[in-house]
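S.K.: no letters, just coordinates:
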């Protein structure tokens, strides 16, 4: 009986590294699988950024897939107590303090909706006409 215990103990200690390696491998695979859902791949992130940029573009540019660059379209709209100038992504670039109460009703309604300009010059001319 004493030899059976020694033989079992010897077998246990011989198999212990193998069992520990298997448990370690299982834990690694489990943890990688569990935490993989918490990471965002760079490719997915860039796709999301591209989709967000497309949703901010005017409808005419979304349909035209051949446009290889960001446009210079500027939109002016009522912003707080004046007029804000926004880029094609809807980011505020400039604010002009212009009293909108003195503008014609049609201009005030157009500014509430937003007016887009294809060039900086057109936009500046319009802003100058409001200021005079």
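M.R.: Received, thanks. Small disclaimer: the values here were computed from a predicted structure and weren't measured.

S.K.: against which helices or strands is the helix or strand containing residue 106 packed?
M.R.: Per DSSP states H and E, residue 106 falls inside helix 105-113. If contacts are counted by 3 or more C-beta pairs under 8 Å, 6 or more residues apart in numbering; DSSP states H and E, helix 105-113 sits against strand 74-79. Where C-beta positions appear, they are placed from N, C-alpha and C, glycine not excepted.

S.K.: contact partners of the strand it packs on?
M.R.: 83-88, 90, 92-93, 95, 100, 108, 111-117, 120, 123, 126-127 (C-beta atoms under 8 Å, 6 or more residues apart in numbering).

S.K.: before we move on, what about stretch 90-107?
M.R.: Stretch 90-107 is contacted from outside by 56, 74-75, 78-87, 108, 111, 127, 130-131, using C-beta under 8 Å, 6+ apart.

S.K.: let's see it at 6 Å
M.R.: For stretch 90-107, contacts defined as C-beta atoms under 6 Å, 6 or more residues apart in numbering pick out 56, 79, 82-87, 108, 130.
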